[in-house]
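**Student:** model this:
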Amino acid sequence: MYQNGWQRIYFNDKNNLFEDRNGFNVPSDVPNPFLGLQTLLRGASEVDLIHPITGEPQRYKLMEYQFGDYVLKYATADLDVDGEIFTCVWRKTEPFPRMNEANQLMPETEAGQYPHSYGVYHSVPGMKAFIERYENVSFAHLWAEYDAFLNEKFGRLCIPLLPGREKKQVLAAFEVYGSEPIGDFVTLYTLCDGNDTDAWLDQIDEEGYAYAHIGGNLLMNLSEILNEVEHAGRSVKSQYPIESIPAGYVKNNEMLSSKIPIHHDGGGNFIAIDLDPDAEGQYGQIVEVDHEYSERVVLASSLKEYVTILYYFVKELGIIDNGEDFEGENPLSFYIRRK
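**Tutor:** Numbers count the residues shown, from 1 in each chain. Next up, the predicted model:
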């Protein structure tokens, strides 16, 4: 069975995924999502495919691996069929994106580190010039242009922003840490108080998808941010070593230690502003924090740069996540170089 390029492989026992069953046999060096021996291209996410028996939409866990010049995608779920649990596996193979190395790849510095000018997205064509275009534009102007573009592109599917807060309320997030306020963050939350979460939930319930301002997902409300900063207790050092990507940018500390989140996925993962970077990092850098992985990926050197990157992806490449699916052939996170 095939669906939108996905090949379905249906097994009783996931541990025997690559044994010769139903005419499907794969060489031993091909990534097996159940063995955990290969490095994921990005953190696990989800995708909707059909239930092989009922034909109804089913949520599957999505994992992606590089294999030579290809990306192998696996969608897996344990499904109940008349009281028995079967593991259903779909697979899809796509060419790995290749850029014009002479013109579009940023040179790496020593130890595989990248410059701050768009960091882990360094192999995405056209991004450097787009960021430079907004270097001398105020954050308020950039945000207004970005918001207007999203509303024009997605119309009623674009989730509205709530009215901004008073400056002293916004500054409270920095006072908890005794840290210097970041002007662009203060500007952002005096202009708006994040996306309207109720409108998001209503839109998802009615249409199945919606578009908001953090790569298509919700910008957190200030009350949510202050709750995480004041009460989450994220200052304890991690029990395992944090892997900073690039190396030397993020300290070996736990989750939201000295960080102000601007987005969460509802599952304990955040995108946050780092107020205590490591030696190579920059105050105010934007970090992806995943509670299931030791990686801390620096997405941008500042809030303004991050918003510019999000704007670039949706405007120039038509790529944006929306919580349920995405526009473009790959989600935004696919373009992050994690290693």
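**Student:** buried stuff in the longest helix seen in the chain?
**Tutor:** When every helix of the chain is counted residue by residue (DSSP state H), the longest turns out to be helix 139-154. Buried residues in helix 139-154, defined by neighbour count with 16 or more other C-beta atoms under 10 Å: 139, 142, 143, 146, 147, 150, 151, 154. The way it works is simple: take the backbone N, C-alpha and C, and place the C-beta from them, glycine included.
**Student:** elements contacting that helix?
**Tutor:** Other helices and strands packing on helix 139-154, by 3 or more C-beta pairs under 8 Å, 6 or more residues apart in numbering; DSSP states H and E, are helix 183-191, helix 303-312.
**Student:** 6 Å instead?
**Tutor:** With contacts defined as 3 or more C-beta pairs under 6 Å, 6 or more residues apart in numbering; DSSP states H and E, the secondary structure elements packing on helix 139-154 are helix 183-191.
**Student:** now the angle from the helix it packs on to helix 139-154?
**Tutor:** Per axes from the mean of the first three to the mean of the last three C-alpha atoms, to 10 degrees, the angle that helix 183-191 makes with helix 139-154 is 60 degrees.
**Student:** who's in contact with helix 183-191?
**Tutor:** Outside of helix 183-191, the residues that reach it under the criterion C-beta atoms under 6 Å, 6 or more residues apart in numbering are 139, 140, 164, 165, 167, 170, 222, 303, 304.
**Student:** so what strands line up beside the helix or strand just after it?
**Tutor:** Sequence order places strand 192-195 as the next helix or strand after helix 183-191, per DSSP states H and E. Strand partners for strand 192-195, identified by DSSP bridges, are recorded as strand 161-163 (antiparallel).
**Student:** tell me the mean pLDDT for the partner strand?
**Tutor:** Strand 161-163 comes out with an average pLDDT of 98.
**Student:** next: stretch 52-61.
**Tutor:** Confidence for stretch 52-61, expressed as mean pLDDT, is 84.
**Student:** equivalent analysis for stretch 133-147, please.
**Tutor:** Taken as a whole, stretch 133-147 has an average pLDDT of 95.
**Student:** measure that stretch end to end?
**Tutor:** Between the start and the finish of stretch 133-147 there is a gap of 17 Å, counting by C-alpha to C-alpha, to the nearest Å.
**Student:** what residues does it touch?
**Tutor:** Identification of contacts with stretch 133-147 by C-beta under 6 Å, 6+ apart yields 184, 187, 304, 308, 311.
**Student:** lowest average confidence, helix or strand, in the protein?
**Tutor:** The weakest-scoring helix or strand in the chain, judged by mean pLDDT, DSSP states H and E, is helix 101-104 (a mean of 33).
**Student:** how is the protein carved up into domains?
**Tutor:** 2-95, 101-335 (automatic domain parsing).
**Student:** out of these, which gets the lowest mean score?
**Tutor:** Comparing those by mean pLDDT, the weakest confidence falls on domain 2-95, with a mean of 73.
**Student:** wait, residue 281 sits on residue 248?
**Tutor:** No: taking C-beta atoms under 6 Å as the definition, residue 281 is not a contact partner of residue 248, at 7.3 Å.
**Student:** higher neighbour count, these two?
**Tutor:** Neighbour totals were compared for residue 281 and residue 248, and residue 281 leads with 21 against 13 (other C-beta atoms under 10 Å).
**Student:** how about that one, secondary structure?
**Tutor:** Using DSSP: H, G, I helix; E, B strand; the rest coil, the secondary structure recorded for residue 281 is coil.
**Student:** ramachandran angles for it?
**Tutor:** The main-chain torsion angles of residue 281 are listed as degrees, to the nearest 10 and equal phi -80, psi 180.
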